[in-house]
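Peer 1: Just a sequence and a predicted model for now, questions to come.
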Amino acid sequence: MQSLRKRKGISEMLAVIIMLALTIVAGAFVYEVFFNKANSYSNTASINIDNAQISNNELVMTVKNLGSVTFTTLSVTVYSGGSAVTISGGSFSPSTLSPGQTAVYTGSLSESVGASYLIEVEGMSTSAGNVVATITITGS
């Protein structure tokens, strides 16, 4: 008579538990990767200078937040002939710029009628860093 050979290996119950644990770990990994990527794409920083004009020694412009982060600080630099121009009393209203919101900037500077000015607006956010928008206009 042939003797029955007993197979050695893991039980079916243990195999199911191991497979379940591996599935949960793989699912957690995929979840983490997906949501980290989705979060980084959702934090976009973008501003646009909608309208700017220099007239009677006054700079007036509107800046719009096109991104999905709030800019806590906004700054303006004006260049003429490659040199920075001093702006007096310049400020944004409101001073912070939420997503979709528009702010108006008003400041005084010495202008030359017909001169070309490069205006640079920098928005700073804590979650997406800094972003710069520029526009070139002519004094009138």
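Peer 2: Looks like it came in fine.
Peer 1: how near is the residue lying closest to residue 98 once chain neighbours are set aside to residue 37?
Peer 2: Using C-beta to C-beta, 6 or more residues apart in numbering and skipping the chain neighbours, the partner closest in space to residue 98 is residue 70 (4.9 Å). In this view, the C-beta of every residue, glycine as well, is placed from N, C-alpha and C. Remark: distance between residue 70 and residue 37 (C-beta to C-beta, to the nearest Å) = 22 Å.
Peer 1: Tell me where the model's unsure across this protein.
Peer 2: Low-confidence segments of the chain (pLDDT under 70): 1-7, 38-42.
Peer 1: Find the residue at the geometric middle of it.
Peer 2: residue 45 (1.9 Å; C-alpha atoms, centre = their mean).
Peer 1: mind listing the helices for this structure?
Peer 2: 12-42 (DSSP state H).
Peer 1: circling back to that earlier point, unless I'm mixing things up, the residue nearest to residue 98 is touching residue 95, no?
Peer 2: No: using C-beta atoms under 8 Å, residue 70 is not in contact with residue 95; the gap is 11.4 Å.
Peer 1: and the two? which has more neighbours close in?
Peer 2: Counting neighbours by other C-beta atoms under 10 Å for residue 70 and for residue 95 shows that residue 70 has the greater number, 17 against 11.
Peer 1: how close does the more buried one sit to residue 85?
Peer 2: For residue 70, the distance to residue 85 - C-beta to C-beta - is 28 Å.
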